[in-house]
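> no sequence for this one, just the structure:
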DNA sequence: CGAATAGTTAGCCATCGGGATAACTGTAGG
DNA sequence: CCTACAGTTATCCCGATGGCTAACTATTCG
């Protein structure tokens, strides 16, 4: 198995901050410049740039500079990896729940059978 | 919109560490005691307990103590919230991609039309 | 009872994370 | 050319995180 994936850590870390999630929610609608992205936030630009750096380092965002303007865009692949990890856990959990349901149904059937036997024995 | 959700931050933060993800991967298969969970990891127990504390504080894991044994179990709801957030972003991205495809196809049609006009004009 | 088991609490350390300011670089535009 | 604009870099501050050891509590079992 060996599921140590540092990439996944990077993505989840990138998403653990409200500012960075807000940036993602903007970028899913299309590319934006740095200043356009930064505008809604009450923090200084260098502080905001650190968030962008985290997003880029995690691979969630890519950017290129033309003239003095840097344009950022989303890279959906990493988000998809995180989503798939969560889905995989859910699938295991749900399959277990199914077995639990089966287990409980078995208990019920056995209970009925026992009741029947007792009935006949009475 | 106001999507600041500190809960989501907690969940993503809980998942940004490989040790904690490994714990989740164990717990989706069913409840476990603290020592059983800690056994695979090369760290001291108090260090491991901090990870468990993060998982519990985020609401991803719940635990109860019977006698001297504490048993942990997964709470799937929080993971589901994170998964839904990711899915929502993907949906927006994909709808945009659809529009982009339409846009490019339009460009192509216009290009063809222009070529035709030029053809006639020639 | 006494020893082993299962956690827990307390405190120490180094590094990281999110914020700030100040000063700088490079590109447009008038 | 020179000013305004869009980012960038360099530091600093401080609280949070992830690791450790040591010492402690509370069960269980022989």
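Now that the structure is in, tell me what you want to look at. Values in this document were obtained by computation on a predicted structure and should not be read as measured data. Residues are numbered from 1 along each chain as shown, chains lettered A, B, ... in the order given.

> residue ranges of the helices in chain A, please?
Here chain A has its helices, by DSSP state H, at A:6-15, A:18-27, A:34-38, A:45-57, A:76-121.

> what would those look like in JSON lines with distance to residue B:86?
Just so you know, the C-beta spots here come from the backbone N, C-alpha and C atoms, and that holds for glycine as well. Converted to JSON lines, those look like this (distance: least, Cβ to Cβ, whole Å):
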{"stretch": "helix A:6-15", "distance to residue B:86": "8"}
{"stretch": "helix A:18-27", "distance to residue B:86": "9"}
{"stretch": "helix A:34-38", "distance to residue B:86": "20"}
{"stretch": "helix A:45-57", "distance to residue B:86": "15"}
{"stretch": "helix A:76-121", "distance to residue B:86": "4"}
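
> Tell me, how many residues neighbour residue A:83?
20 (other Cβ atoms under 10 Å in any protein chain shown).

> Without its sequence neighbours, what residue ends up closest to it?
Distance criterion Cβ to Cβ, 6 or more residues apart in numbering or on different chains; nearest residue to residue A:83, sequence neighbours excluded, is residue B:86 at 4.1 Å.

> Against residue A:85, how distant is that neighbour?
The spacing between residue B:86 and residue A:85, counted by Cβ to Cβ, to the nearest Å, is 10 Å.

> and what of residue A:54?
From residue A:54 to residue A:85 the distance is 19 Å (Cβ to Cβ).

> try residue A:71
Using Cβ to Cβ, residue A:71 is found at 29 Å from residue A:85.

> So for those two, which sits in the more crowded spot?
Applying other Cβ under 10 Å to residue A:71 and residue A:85 shows that residue A:85 carries more neighbours, namely 23 against 15.

> That one against residue A:8, yeah?
Yes: at 6.0 Å, residue A:85 counts as touching residue A:8 under the criterion of Cβ atoms under 8 Å.

> who touches both of the two?
Here residue A:85 and residue A:8 share the contacting residues residue B:21, scored by Cβ atoms under 8 Å, 6 or more residues apart in numbering or on different chains.

> hmm, back to that, turn the helices of chain A into JSON lines, columns for distance to DNA strand D and mean pLDDT.
Shown next, in JSON lines, are the helices of chain A (distance: least, Cβ to the nearest atom of the strand, whole Å; pLDDT from 0 to 100):
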{"stretch": "helix A:6-15", "distance to DNA strand D": "9", "mean pLDDT": "94"}
{"stretch": "helix A:18-27", "distance to DNA strand D": "13", "mean pLDDT": "98"}
{"stretch": "helix A:34-38", "distance to DNA strand D": "3", "mean pLDDT": "97"}
{"stretch": "helix A:45-57", "distance to DNA strand D": "3", "mean pLDDT": "98"}
{"stretch": "helix A:76-121", "distance to DNA strand D": "17", "mean pLDDT": "72"}
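
> between those, which one is nearest to residue B:66?
Of all the helices of chain A, helix A:76-121 sits nearest to residue B:66, with 19.9 Å by Cβ to Cβ.

> So what does residue A:67 look like in phi/psi?
For residue A:67, the backbone dihedrals (degrees, to the nearest 10) come out as phi 60, psi -130.

> Could you check how many residues crowd around it?
5.

> Around DNA strand C, pick out the residues from chain A.
Within chain A, the positions near DNA strand C by Cβ under 7 Å from any atom of the strand are A:13, A:16-17, A:19, A:42-44, A:46-47, A:50-51, A:54, A:67-68.
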